[in-house]
Every structure is written in C-alpha cells, then in structure tokens.
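> Dropping a prediction and its sequence here:
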Amino acid sequence: MRKVADCRDMPSESGCTLTIAGEEEEVVRAATEHAVSVHGHTDGPELRDGVRGMLKDEAPQHA
C-alpha cells in the first residue's frame with residue numbers, strides 16, 4: 001500500500017503544505033530530504049524513524 005507524508009501534520013513555522021506519496025521507502029527518502037533542505041533538520045536514523053512514524057496509508061482513489 002502506498003504511504004503519504006503530509007507536512008500539515010507537523011507543527012511548522014513556515015506553514016508548509018507539501019504532501020509526498022509513494023512506496024514507503026520512496027516517501028521516507030523524499031520526506032527526509034525535504035525536512036533537511038527546507039526545514040533545517042539533520043539527516044540521521046532519528047529523523048528517518050520520525051518520518052516513518054508519521055506516515056499514513058494513502059486513501060484509495062476511485063476512478
């Protein structure tokens with residue numbers, strides 16, 4: 001099942017609204033890169049575990 005990371009779920013001074021969806025490892029990688037480059041976090045196991053912990057299942061899309 002695809003996963004979603006949504007910056008709106010995290011407190012942020014910038015009010016970031018980015019949403020990233022895909023396979024779990026893709027989302028963890030992209031969300032970690034975003035957290036480092038945009039929000040100033042430091043990459044490492046703790047950040048990646050935090051990102052993984054905030055992931056939600058993507059809502060099914062109906063055609």
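Arrived safely.

> Relative to residue 14, how far out is residue 2?
Applying Cβ to Cβ, to the nearest Å, the value for residue 2 to residue 14 is 26 Å. All C-beta spots, glycine's among them, are computed from the backbone N, C-alpha and C.

> out of those two, which sits in the busier spot?
Legend: neighbour count by other Cβ atoms under 10 Å for residue 2 and residue 14, higher for residue 2 (15 against 9).

> That one: what's it in contact with?
21, 22, 23, 57, 58 (Cβ atoms under 8 Å, 6 or more residues apart in numbering).

> Okay, and the first one sits in which element?
Assigned by DSSP states H and E, residue 21 falls within strand 19-22.

> Would you mark the buried spots in that strand?
Buried residues in strand 19-22, counted by 16 or more other Cβ atoms under 10 Å: 20, 21, 22.

> need these in a markdown table with distance to residue 51 and pLDDT, can you?
Listed next are the buried residues of strand 19-22 as a markdown table, based on distance: Cβ to Cβ, whole Å; pLDDT from 0 to 100:
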| residue | distance to residue 51 | pLDDT |
| --- | --- | --- |
| 20 | 10 | 97 |
| 21 | 13 | 97 |
| 22 | 13 | 97 |
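
> Sheet-wise, list the partners of the strand holding residue 21 with their directions.
Sheet pairing of strand 19-22 (DSSP bridges) gives strand 3-6 (antiparallel).

> Now do the strand it pairs with, average pLDDT.
The pLDDT scores in strand 3-6 average 96.

> can you list contacts of that strand?
18-24, 27-28, 30-31, 51, 54-58.

> Could the C-alpha coordinates of that strand be exported in PDB?
Output of strand 3-6 as PDB, limited to C-alpha atoms (Å, rounded to 0.1, in the frame of the first residue of the first chain):
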ATOM      1  CA  LYS A   3       2.100   5.800   2.000                       C
ATOM      2  CA  VAL A   4       1.700   9.600   2.500                       C
ATOM      3  CA  ALA A   5       3.800  12.100   4.400                       C
ATOM      4  CA  ASP A   6       2.000  15.400   4.900                       C
END
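
> how close does residue 41 sit to residue 29?
Counting by Cβ to Cβ, the gap from residue 41 to residue 29 is 14 Å.

> swap that for residue 13, sorry
Here the criterion is Cβ to Cβ. By it, residue 13 lies 24 Å from residue 29.
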